[in-house]
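Peer 1: Here's my sequence, what's the structure:
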Amino acid sequence: MKGKIKKNIVLICILCLLCVLIFIREIPKDKRVITANFLSKKEEPIGYIEEKEYIVKNSDSSKKNNQTSDSQEKNSIINKESKESITAETTESKDIAQVSNYEEKGMRDYNTNYSNINEVTDNYYEGYGEYDSPDGWSYQGDWVHDVIEGRGSMQYPNGDSYTGDFVNGEKSGEGIYYFADGSVYEGAWEHDMWNGEGSFTSVHGFSYKGNFREGLKHGFGIYVFANGDCYKGNFVNDRENGEGILISVQGWTYEGSFKDGKRNGTGKMTYENGDYYTGEWVNNVKEGYGFETYQDENNKKIGSYEGNFKNNLRDGKGIFTYSNGIIMEGEWINDEYVGGE
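Peer 2: Take a look at the predicted model:
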């Protein structure tokens, strides 16, 4: 009788064990905990994923591998059968493995350049990442909640490149832009445009250092022309406007008002030999009332003229005073004195 009871107890234990095994087998696979440990890139990293039913998608600690519709698959472990991503809601693991490559094995081991992920990010990328676009551009740098943000570098299909700050996917902050032809812009950015203080050096020989607004020279700046002339002064909408100084390699200097890149208004031009004109200008031409001094080829003072100018010539009423005291006052036409009043 006792042997029969012992036999029944053994059978009951076996049945219970079978029930437990069946129950465990029926636990949904997307609720299983998957963990992997990876070392830093300076050590020999080996990681293990013990569930054969899952694979790991290519990603680093929140790099955005794709900006297209499949981007949600790029940052998570994927259930091979259901094709569903494992996120914070579908797994208890807070150390989901992010690896750079994988092999199909029953027990897979991974070599990786990335450290452990300490927090599950639900299908978005956070931190440093590298991305190669199918359109030809590439990016290496920081991401914040699925958006390029922080410090990074971007290369474009035409050969241009940028290294600097990004905000909400746009170049904003401080950065350097290298053009394919060798030209360089370095300075402030806002909404993908030059905004604030910066400098641009062209491979064609001209350069500018100063303020920009929406990609245009605006505010105070220094512009060096390809021929060596130099303008220091105010800019409005990419042109010399307002007060400024233009220094020519030919030896003359103009200081005064500019409009749309030309001498307009009141200003003083000092010539190489020391003579000067101060007065009114229209489109780079002496036009209106002014005063001018004159010397001969030996730099000997001849005299001075005060009066009206037209097309760079004495024209209209004016007074010419010679250095010997002779005065010619009256009407002038095309730089010639035609008589008194």
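Peer 1: Against Lys301, how distant is the nearest residue to Gly279 once chain neighbours are set aside?
Peer 2: Distances taken as C-beta to C-beta, 6 or more residues apart in numbering place Gly290 nearest to Gly279, at 2.1 Å, with adjacent residues excluded. Where you see a C-beta, it was placed from the backbone N, CA and C, and this is true even at glycine. Gly290 sits 18 Å away from Lys301, going by C-beta to C-beta, to the nearest Å.
Peer 1: Repeat that for Asn264.
Peer 2: When distances are taken as C-beta to C-beta, Asn264 and Lys301 turn out to be 30 Å apart.
Peer 1: Of the two, which one has the most company?
Peer 2: Set side by side, Asn264 and Lys301 show more neighbours around Asn264, with 20 against 13, by other C-beta atoms under 10 Å.
Peer 1: sorry, back to before: OK, contacts around the residue nearest to Gly279?
Peer 2: Residues in contact with Gly290, defined by C-beta atoms under 8 Å, 6 or more residues apart in numbering, are 277-280, 306-309.
Peer 1: same thing but 6 Å
Peer 2: Contacts of Gly290 were listed using C-beta atoms under 6 Å, 6 or more residues apart in numbering, and they are 277, 279-280, 309.
Peer 1: residues near Asn311, how many?
Peer 2: When neighbours are defined as other C-beta under 10 Å, Asn311 has 11 of them.
Peer 1: so what's it scoring on pLDDT?
Peer 2: Looking at Asn311, its pLDDT reads 97.
Peer 1: again with Thr321
Peer 2: According to the model, Thr321 scores 97 on pLDDT.
Peer 1: Just to be sure, it is in a helix?
Peer 2: No - the secondary structure assignment for Thr321 gives strand rather than a helix, going by DSSP: H, G, I helix; E, B strand; the rest coil.
Peer 1: list the contacts for it?
Peer 2: When contacts are counted by C-beta under 6 Å, 6+ apart, Thr321 touches 303-304, 327.
Peer 1: What subset of these is buried?
Peer 2: 303-304 (16 or more other C-beta atoms under 10 Å).
Peer 1: And the contacts of Thr321, which is closest to Val144?
Peer 2: Ser304 (68.1 Å; C-beta to C-beta).
Peer 1: What sits closest to that closest one if chain neighbours are left out?
Peer 2: Leaving aside its chain neighbours, Ser304 sits nearest to Thr293 (4.7 Å; criterion: C-beta to C-beta, 6+ apart).
Peer 1: so the one you found is in which element?
Peer 2: Assigned by DSSP states H and E, Thr293 belongs to strand 285-295.
Peer 1: Which of the contacts of Thr321 fall in strands?
Peer 2: Residues of the contacts of Thr321 located in strands (DSSP state E): 303-304, 327.
Peer 1: pLDDT below threshold where in the chain?
Peer 2: Applying pLDDT under 70 to the predicted model, the residue ranges of the chain that meet it are 1-14, 16-123, 341.
Peer 1: so what are the domain limits for it?
Peer 2: By the assignment in the TED database, the chain contains the domains 1-21+124-231, 252-340.
Peer 1: Asp275 and Asp135: what is the separation?
Peer 2: 60 Å.
Peer 1: between those two, who's got more neighbours?
Peer 2: Between Asp275 and Asp135, counting by other C-beta under 10 Å, Asp275 is the more crowded of the two (17 against 9).
Peer 1: contacting residues around the residue nearest to Ser304?
Peer 2: Counting by C-beta under 6 Å, 6+ apart, the residues that Thr293 touches are 275-276, 304.
Peer 1: and what of Ala226?
Peer 2: If you count contacts by C-beta under 6 Å, 6+ apart, Ala226 has them with 205-206.
Peer 1: Could you rerun that using 7 Å?
Peer 2: The neighbourhood of Ala226, defined by C-beta atoms under 7 Å, 6 or more residues apart in numbering, consists of 204-206.
Peer 1: what does Glu329 give?
Peer 2: Residues in contact with Glu329, defined by C-beta under 7 Å, 6+ apart, are 319, 340.
Peer 1: who touches the helix or strand hosting Thr278?
Peer 2: Secondary structure assigned from DSSP H and E places Thr278 in strand 276-282. Around strand 276-282, the neighbours that count as contacts under C-beta under 7 Å, 6+ apart are 263-270, 286-293, 309.
Peer 1: With just CA atoms, put that strand into CSV.
Peer 2: Included here for strand 276-282 are C-alpha records, laid out as CSV according to Å, rounded to 0.1, in the frame of the first residue of the first chain:
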residue,chain,number,x,y,z
TYR,A,276,41.9,116.2,-51.3
TYR,A,277,38.2,116.8,-52.2
THR,A,278,35.5,117.2,-49.6
GLY,A,279,31.9,117.7,-50.6
GLU,A,280,29.0,116.0,-52.3
TRP,A,281,29.0,112.8,-54.3
VAL,A,282,26.6,111.0,-56.6
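Peer 1: Which of the residues in that strand are classified as buried?
Peer 2: Using 16+ other C-beta under 10 Å as the burial criterion, the residues of strand 276-282 that qualify are 277, 279-282.
Peer 1: cool, and stretch 155-171?
Peer 2: For stretch 155-171, by 16+ other C-beta under 10 Å, it's 155-156, 161-167, 170-171.
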